[in-house]
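Q: could you look at this predicted model? Sequence included:
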Amino acid sequence: MITIRKKPRRPQRTQSKHVYLRSLRSLRSLRPLRFLLIVAFFSVSPAAQAPQQPATVFRSGTELVLVNVVVRDKSGAVVRGLTRDDFSVSEDDKAQSITSFDFEELDAPSLAENNGPASAPQPAAILSSAAPGSAKASAERSANADSSSAKALAERTADADSSSAKASAERPADTAAKIDMHGRRLIVLFFDLSSMQPEEVKRAVDSAHDYVNKKLSPADLIAVASFSTSLQVVQDFTADREQLGEAIDTFGGVNAAGFEDGGNGDPEDTPDNGNAFTADDTEFNIFNTDRRLDALQTLSDQLAGIEQKKSVIYFSSGMSQQGTDNQVQLRRTVDRANRANVSIYAADMRGLQAMVPGGDATQGSRRGTSTFSGASTRNQFASLATTQDTLTTMAEDTGGRAFFDSNSFGAVFDKVVNDTSAYYVLGYSSTNSARDGRFRRIKVKLKRTDLKLEYRSGYYAPRDFAHSTKDDREQQLQDQLLSDLSSTDLSAFVSTSYFRLADNRYFIPLSVVVPGYQISITKTTAKDKATLDVLGVVRDDQRRPVGRIRDTVRLSTDTADDLKKKTVQYETGFEMPPGKYHLKVVVRENQDGAFGSYESDIVVPDLKKDALKLSSVVVGTQLQAGARKNDRNPLMRDGRELVPNVTHVVSAGQHLYFYYEVYDPAQPVKVMTSIAFFRGKVRAFETPVIQTTELSGSDKKTAVFQFDVPASALRPGLYTCQVNVVDDAAGSFTFPRLQLYVRR
């Protein structure tokens, strides 16, 4: 481990009301503690219905903005025969000159004759993983794929360098080779196997077969892709019904139910499955939505080389976007789809659902009193709406549409055909040359006022780092922090935990992790050097800033290869009272100007309400020697600091260090704890039970527990770690769980 220690800086504060500042004087917040280069394994995620609005696409290579416009009369029929002079375009209320104009019509009789499947040559391979026989190969891969996102993340770590090259190739969609698919309706059938149950996969398969067998038109070219633990292209674009049928048939019940969302640890209104407790899988759920969005983003990047409009039909069972998910990723996925001229049509394969009080016959009776108070039914409706809202946002913002609460899934295909049968494509070079990443609003008007226009409302401008001054770069950091669409070209992950300092004060350790292979190196006389800028802000539930991070860190390693094998982990911490907060962190490497960002909510619980008051469980694989004593940070003890392992991926030769605290146990003190490791439902290993009758900490009200578990005691694979804590005198207990992957 290479450690670079920084002198503490005086924290920067954002002024607010005086009364509010007095309540936050304990926020000696966000004081940088140190910056670490640590040898660790790191992985990067893979990559209400409303009227449809065709997508806007920005091509930075040609500085051309393309706008798809559907013109309809009062009856809803498409209006043909309009010319360039009939349209006018403005951007942010500034008139633009239309430099390109085209009319796409796919289902005209003459085109049907010319584009017949027998006469038209099949296109060259467009989607990268498609190859002859790929349908069968992909099915075998999906059938054998592990259903755990933590394992999938770990497996991709071994290919970090190749993933970096792939990400670099995917990132500049603007420079992809252009493919002319004029006169073709391009549809991608995307099966999200990570969210659908077996019966829902069957509905998706049946609806796809119905379109291919009965409604496939001469202009159609269809590709088939799926996502379980990774994005798989089962079949590239083709009009061959036999090939498409074979590709669709590769999906079955064995491929489904990959990443179901777990519970949050509260047994209220959960099915009674006979278990003694309800697991808290909140941390495990964080990865799910980001991975699905990343797969859609990667697919959009691969389709960017085709200028014509592409339609992705996304079969899923909803997509949750909770406070703990990275909200930047959703905006980034929408932006990449718009740049690639991709519209997403989301189909909820759960169909029309009946909300039965107490749950349906597929699960046990509901625990608690919610069934009798009506809260159970409200919770079911709220959960359904949560999983549908993200699909609605993603579809509408890309010019598509979301389909819910219907057992007739052919409507999604009908909408795609209707939206792509005939439309105008307007192109203009923006007069605004600023590459500031701001949203630019587009307005399209016609000379005729009796017609209705359907088009996207705007696009996000790109950003540029080259030749910027020091002030410009500082402003770019601020812009990224304030932007609704921050860059994610540099992978950044953030984790937090909490430890009680007093009844109304908690210490929040914060870790920011960046993979070393993504950091560019500058050659110097003796050593290779690189610098990173870190900027972050914490806001309360009223959007008032309560803490800030700002630091520039200089890294120095013996060779560039040394850095590529490591991760860079920035450690800091701050104090705050219980409540809900919003954190956003922006990281920039200063050689190429690549930005990374992470945005999420932080919940600091009020442990006064808990029968057994337990801190976060922190897992690390390294103890950093030479740490200065810090009464605020419990991870610094006895001259050593426990470095949190953000990814929870370890090698067999490492040690697993667990740390957690129990507050205000009942008298006489008798707190017992152990850690069990499960593979599936089988207990693979358990530590001896540790018992304490003494309290420590500055307030002498804290029971401190530390475990050292050699990872060699565990066979390689995915584990669920269950921390068992029992307050014998109070008769209370808790069993928090977390995911862990052990590598060879």
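A: Alright, I've got the coordinates. Numbering: from 1, shown residues only.

Q: confirm residue 561 sits in a helix?
A: Yes. Assessed with DSSP: H, G, I helix; E, B strand; the rest coil, residue 561 lies in a helix.

Q: pLDDT at it, what is it?
A: Model confidence at residue 561, given as pLDDT, is 73.

Q: roughly how far does it sit from residue 590?
A: According to Cβ to Cβ, to the nearest Å, residue 561 and residue 590 sit 20 Å apart. (Each C-beta comes from the backbone N, C-alpha and C, glycine too.)

Q: more neighbours: which of the two?
A: residue 590 (17 against 12; other Cβ atoms under 10 Å).

Q: what's the burial count for the residue nearest to the more buried one when sequence neighbours are not counted?
A: What sits nearest to residue 590 in space, not counting adjacent residues and going by Cβ to Cβ, 6 or more residues apart in numbering, is residue 531, at 4.5 Å. If you count neighbours by other Cβ under 10 Å, residue 531 ends up with 16.

Q: which SSE is residue 531 in?
A: Per DSSP states H and E, residue 531 falls inside strand 528-540.

Q: which parts of the helix or strand that that strand is followed by are buried?
A: Next along the chain after strand 528-540, taking DSSP H and E as the criterion, comes strand 545-557. Residues 546-551, 553, 555-557 are the ones in strand 545-557 that count as buried (16 or more other Cβ atoms under 10 Å).

Q: same question for strand 545-557, mean pLDDT?
A: 86.

Q: keeping just the C-alphas, turn that strand into CSV.
A: The C-alpha coordinates for strand 545-557 follow below in CSV (Å, rounded to 0.1, in the frame of the first residue of the first chain):
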residue,chain,number,x,y,z
PRO,A,545,-25.5,22.9,1.9
VAL,A,546,-24.2,21.7,5.2
GLY,A,547,-20.8,20.4,4.2
ARG,A,548,-18.2,20.6,1.4
ILE,A,549,-15.2,18.7,0.1
ARG,A,550,-12.5,20.4,-2.0
ASP,A,551,-9.0,18.9,-2.5
THR,A,552,-6.4,18.5,-5.1
VAL,A,553,-4.3,15.4,-4.6
ARG,A,554,-0.9,14.6,-6.2
LEU,A,555,-0.2,11.0,-6.7
SER,A,556,3.3,9.6,-7.3
THR,A,557,4.2,6.1,-8.2
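
Q: same for that strand, what does it pack against?
A: strand 2-4, strand 31-38, strand 528-540, strand 567-576 (3 or more Cβ pairs under 8 Å, 6 or more residues apart in numbering; DSSP states H and E).

Q: strands paired with the very next helix or strand once past the last one, and their directions?
A: Put plainly, it is strand 567-576. Following strand 567-576 in sequence order, the next helix or strand is strand 579-589 (DSSP H and E). Using DSSP bridges, strand 579-589 pairs in its sheet with strand 528-540 (antiparallel), strand 595-604 (antiparallel).

Q: quick one: the residue nearest to residue 590 from residue 591, how far?
A: The value you get for residue 531 to residue 591, if Cβ to Cβ is used, is 8 Å.

Q: now residue 706
A: In terms of Cβ to Cβ, residue 706 sits 40 Å off from residue 591.

Q: ok, back up a step: mean pLDDT for the helices and strands packed on strand 545-557: which is lowest?
A: Looking at the helices and strands packed on strand 545-557, the bottom one is strand 2-4 with a mean of 32.

Q: least trustworthy helix or strand in this protein by mean pLDDT?
A: Among the helices and strands of the chain, helix 18-23 carries the lowest confidence by mean pLDDT, DSSP states H and E, at a mean of 25.

Q: shaky segments in this structure?
A: 1-63, 107-125, 128-177, 252-288, 321-327, 353-384, 463-468, 523-528, 557-560, 698 (pLDDT under 70).

Q: could you list the domains of it?
A: Residue ranges for the domains of the chain, per automatic domain parsing: 1-44+468-605, 56-169+181-428, 610-744.

Q: possible to save those as TSV with distance to residue 439?
A: Shown next, in TSV, are the domains of the chain (distance: least, Cβ to Cβ, whole Å):
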stretch	distance to residue 439
domain 1-44+468-605	7
domain 56-169+181-428	9
domain 610-744	32
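
Q: among these, which is nearest residue 455?
A: domain 56-169+181-428 (4.6 Å; Cβ to Cβ).

Q: how close does residue 478 sit to residue 742?
A: For residue 478 relative to residue 742 (Cβ to Cβ), the value is 42 Å.

Q: more neighbours: which of those two?
A: Neighbour totals were compared for residue 478 and residue 742, and residue 742 leads with 22 against 12 (other Cβ under 10 Å).

Q: now the helix or strand containing the more buried one: buried residues?
A: Counting by DSSP H and E, the element that carries residue 742 is strand 737-743. Using 16+ other Cβ under 10 Å as the test for burial, strand 737-743 gives 737-743.

Q: that strand pairs with which strands, parallel or anti?
A: Going by DSSP bridges, the partners of strand 737-743 are strand 649-651 (parallel), strand 717-727 (antiparallel).

Q: need the contact partners of the longest one.
A: Counting contacts by Cβ atoms under 8 Å, 6 or more residues apart in numbering, the residues outside strand 717-727 that touch it are 146, 148, 150-151, 279, 612, 614, 617, 619, 658, 660, 662, 665-666, 670-679, 684, 732-742.

Q: now list the buried members of those.
A: 146, 148, 150-151, 279, 612, 614, 617, 619, 658, 660, 662, 665, 670-671, 673-678, 733-742.
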